[in-house]
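**Q** I'd like to go over a predicted model; first the sequence, then the structure.
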Amino acid sequence: MIYYQNQNLNVIHEFFWGFGTAFHTVYAVVPLFLKKLGAPEAIAVSSTGMFSVLVAIPMLITAALSRNIVSLKKAVIYVHCLILIVSFFMVSNAFAQEPSHKRYESYPDPKRFYSEISSKLSEDPYIKSNRQLIVFTGSSSIRFWGSLTEDFKEYDVLNRGFGGSIFSDLNFYMEELVLKHEPDMIVIYEGDNDVATEIPLEDIFTDFKISFDKVRSSSEDIPIIYIAPKPSPSRWSLKGQYSLINQRIKKFCDENEDTYYFDSWSIMLDEKGDIPAKYFWKDMLHMNSSGYEVWTKNLKPLIDKILLK
């Protein structure tokens, strides 16, 4: 009976031994296959290690229980024990750590706006008065806000928008465009073009936080309002991406004092959750006066609440 039991164990052991040997033969191919499916590199490599561990466990158990083990196999089993321990810690560590993120490498050169911004600053200088100053900055949704001064006539308002910009462009010009004026409030609209140019969401959020840090390095308590990237018919197919970045920006604003999130998304949707074309120019991207009326109606109470408290 003992011989029969050992024989069965040896058969099982030999099966896993052969299976493990075959697996190790293609060990280098498996990570490539997993990466092709979209798995992060750390997980792809660790998955093969984890599978090796799962194969090694029954090999060790069956070998330990059987009695027909030659010295060579004993030596191999000891090696497997060592590999098992090391692999366990490596796999655990790899799955516990968030995969490293490689920064986006195709950012456009912010100096492409140099002439436009130089002209804007020379043509529209700011002369400080006794009224509170609000600097609006960001991409074309700010730049084309022609009624901005009238919409917020209780305040001094500077329009420092530059069309086609992304967060990294604003960060480059933050001091010159915004901070040097020592505003009482900053209103920022960026992220729209970031998503449209397929910058990874993690990089957009990083650039967003850089903008926050730049302002906070100048003043710890100046109010900042981040206008959420708006919905538009021409970019409606990207609504899922916009939703994700808006959620992260909102969460960040909620967790930081004197930092506010303005939801430009939901206020522009109709009862069916669609975006009406009546708010946009023919390009279905840039807002017309009707669109800005919606923004003003909802944004002004927030600004008044912050500055007039």
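**A** That came in fine, so what should we check first? Model, not experiment: these values are computed from the prediction. Numbering: from 1, shown residues only.

**Q** what sits against Leu269?
**A** 231, 275 (CB atoms under 8 Å, 6 or more residues apart in numbering). C-beta coordinates here come from the backbone N, C-alpha and C atoms, glycine included.

**Q** now Trp295
**A** Contact analysis of Trp295 by CB under 8 Å, 6+ apart lists 227, 264, 267, 287.

**Q** so how do I select the buried members of these in ChimeraX?
**A** Per 16 or more other CB atoms under 10 Å, the buried members of these correspond to this ChimeraX selection:
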select :227,264,287
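
**Q** I'd like the contacts of Trp295 laid out as TSV, including secondary structure.
**A** Below are the contacts of Trp295 laid out as TSV (DSSP: H, G, I helix; E, B strand; the rest coil):
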residue	secondary structure
Ile227	strand
Ser264	coil
Ile267	helix
Met287	strand
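
**Q** which of the contacts of Trp295 sits closest to Lys309?
**A** The shortest approach to Lys309 among those belongs to Ile227, at 20.4 Å (CB to CB).

**Q** okay, and the beta partners of that closest one?
**A** With DSSP bridges as the criterion, Ile227 is bridged to Phe262.

**Q** tell me the pLDDT of it.
**A** pLDDT, Ile227: 98.

**Q** that one and Tyr107: what is the separation?
**A** Plainly put, Ile227 is 22 Å away from Tyr107 if you go by CB to CB, to the nearest Å.

**Q** same deal with Ser141?
**A** Between Ser141 and Tyr107 the distance is 21 Å, computed by CB to CB.

**Q** of the two, which one has the most company?
**A** Neighbours per residue (other CB atoms under 10 Å) separate Ser141 from Tyr107, with Ser141 holding more: 25 against 17.

**Q** for the stretch 101-250 of the chain, which spans come out with low pLDDT?
**A** 101-102 (pLDDT under 70).

**Q** all the helices of it, residue numbers only.
**A** Using DSSP state H, counting those that start in this stretch, the helices of the stretch 101-250 of the chain run over residues 114-123, 140-143, 148-151, 167-177, 192-196, 201-218, 239-254.

**Q** by how many degrees do the first one and helix 167-177 diverge?
**A** Taking axes from the mean of the first three to the mean of the last three CA atoms, to 10 degrees, one finds helix 114-123 and helix 167-177 inclined to each other by 30 degrees.

**Q** circling back: and which of the contacts of Trp295 is nearest Leu170?
**A** Using CB to CB, the contacts of Trp295 come closest to Leu170 at Ile227, 12.5 Å.

**Q** quick check: that closest one vs Ile267, distance?
**A** Distance from Ile227 to Ile267, counting by CB to CB: 11 Å.

**Q** for Asp184, give me phi and psi.
**A** Torsion angles at Asp184 (phi, psi; degrees, to the nearest 10) stand at phi -90, psi -20.

**Q** who touches it in this structure?
**A** Here Asp184 is in contact with 132-134, 155, 222-223, 307 (CB under 8 Å, 6+ apart).

**Q** likewise for Met287?
**A** Counted by CB under 8 Å, 6+ apart, Met287 has contacts 141, 144, 230, 279-281, 295.

**Q** ok, back up a step: now list the buried members of the contacts of Asp184.
**A** Buried by 16+ other CB under 10 Å: 133-134, 155, 222-223, out of the contacts of Asp184.

**Q** identify the residues contacting the closest residue to His181 other than its chain neighbours.
**A** If the residues on either side of it in the chain are set aside, His181 comes closest to Tyr126, at 5.4 Å by CB to CB, 6 or more residues apart in numbering. Tyr126 makes contacts with 133, 156, 158, 181, as judged by CB under 8 Å, 6+ apart.
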